[in-house]
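>>> have a look; sequence and predicted model below, questions after that.
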Amino acid sequence: MKPTIKVMLLCCGVALSGTSLQVTAKPEAKVILSPYTYQRWNKTAMGDSYPEDGPVVRVFAEGMSDQYSHVADVNDMRQAWVTIKGRCEGRKTDKTGVSARVGKGPYAWAGKGSGKGKDIRVEIPYSELESLNAVKVCNVEAKNLSVKNRLPLADVVQKGFAVRMNDALAVIGETQCKKKGVFTEFDDARMVMNTDAWVVCEANPMAGRARAGAPKTRAGEKRESAKAMPKESIPVPRKAVEVKAAPAKPVVNAVISSKAVIQEAEAQKPAKDEAVD
């Protein structure tokens, strides 16, 4: 019967140590994730507001286009904040780690003091946000706002806006516990919580300014068309008049030699004498 009793005791989690018995109750890990309350928010001219330190994807339109085309800083980490509470239950149980992460992103460790709840920042690689298709989100929402507010599409893009993406990210919280006795035992707890992300469609003040064939200044800005200018300010071009120059008169040499003067005087003398007689 003793071997049978020994097997039963081991199956029930009791280890024999000499003549004494030591109960090694398995540790129990618990983790709770809660949404974080962001304090600082940025307002946009249209659409939703977004948190300064929240998970944000920024989208831009190039040049004078009213179509969004690209995401900025795809190699940079984004961030999200969560509140995590992790604890280990059981006598002589140690907490080896309380952490949170998003997808394949790095772990954010809560450290000590997480039993009552602790706010931690989780870094998010852009690869975890690509599925949002942020460029498409901006272009679709720009058209919706244009119809809703009865504005040209270019006016909406000039102002900029933000879109809140509900439950866009899955945050994974984990707690690891261990208990040392005759045997070291471990227990892990895991929780997944969805949290929001924001797509910020940045304002493009130059959207819609281009016109086909319109002249541009050196700075690349379109000149105001003549139709948009006050009538009196439109310069009227003058008709060019062709002026023909008069033919140049030949230059007469006014210099007369002294010999010619003497000859003319000699020829006039007889005529004067006859007039006297």
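Looks like it came in fine.
>>> SS state for E174?
Under DSSP: H, G, I helix; E, B strand; the rest coil, the three-state class of E174 is strand.
>>> relative to V157, how far out is it?
The gap separating E174 from V157 is 42 Å, by Cβ to Cβ, to the nearest Å. Any C-beta I mention is one placed from the backbone N, CA and C, and that applies to glycine too.
>>> neighbour-wise, which of these two wins?
More neighbours surround V157 than the other of E174 and V157, with 28 against 20 (other Cβ atoms under 10 Å).
>>> that one should be in a helix, yeah?
Yes: counting by three-state DSSP, V157 falls inside a helix.
>>> before we move on, which element is the nearest residue to it once chain neighbours are set aside in?
Among residues not flanking V157 along the chain, A207 sits closest, at 4.0 Å (Cβ to Cβ, 6 or more residues apart in numbering). Under DSSP states H and E, no helix or strand contains A207.
>>> can you offset everything so residue one is 55?
Okay, residue one is now 55; in that scheme the one you just asked about reads as A261.
>>> quote the end-to-end distance of stretch 174-194.
34 Å (Cα to Cα, to the nearest Å).
>>> buried residues in it?
Buried residues in stretch 174-194, counted by 16 or more other Cβ atoms under 10 Å: 174, 176-179, 182-183, 186, 188-189, 191-193.
>>> need those residues in CSV with pLDDT, secondary structure and distance to A222, can you?
Formatted as CSV, these follow (pLDDT from 0 to 100; DSSP: H, G, I helix; E, B strand; the rest coil; distance: Cβ to Cβ, whole Å):
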residue, pLDDT, secondary structure, distance to A222
I174, 94, strand, 19
V176, 96, strand, 14
E177, 96, strand, 16
I178, 96, strand, 10
P179, 95, coil, 14
E182, 93, helix, 9
L183, 94, coil, 8
L186, 94, helix, 6
A188, 96, helix, 10
V189, 97, helix, 15
V191, 97, helix, 10
C192, 97, helix, 15
N193, 97, helix, 18
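>>> which pair of these spans the longest distance?
I174 and N193 (34.7 Å; Cβ to Cβ).
>>> W163 and T229, how far apart?
11 Å.
>>> ok, those two, which is more surrounded?
Between W163 and T229, T229 has the larger neighbour count (other Cβ under 10 Å), namely 27 against 13.
>>> these two touch, right, that one and A154?
No: using Cβ atoms under 8 Å, T229 makes no contact with A154, being 10.2 Å away.
>>> which residues does A115 bridge with?
Taking DSSP bridges as the rule, A115 bridges to Y122.
>>> near it, how many other residues are there?
25.
>>> from N129, how far out is it?
To N129, A115 is 21 Å away according to Cβ to Cβ.
>>> do the same with G159
As judged by Cβ to Cβ, G159 and N129 stand 14 Å apart.
>>> equivalent analysis for V113, please.
Using Cβ to Cβ, V113 is found at 16 Å from N129.
>>> so these two - more neighbours on which side?
Higher neighbour count among V113 and N129: V113, with 21 against 6, using other Cβ under 10 Å.
>>> so what's that one up against?
By Cβ atoms under 8 Å, 6 or more residues apart in numbering, the contact list for V113 reads 122, 124-126, 188-189, 191-192, 253-256.
>>> confirm for me that G262 is in contact with L205.
No: between G262 and L205 there is no contact under Cβ under 8 Å: 10.9 Å.
>>> show the residue spans covered by the strands in the chain.
Per DSSP state E, the chain carries strands over the ranges 68-71, 74-77, 82-89, 95-96, 100-101, 104-105, 110-115, 122-125, 132-143, 147-156, 162-163, 172-178, 215-233, 239-255.
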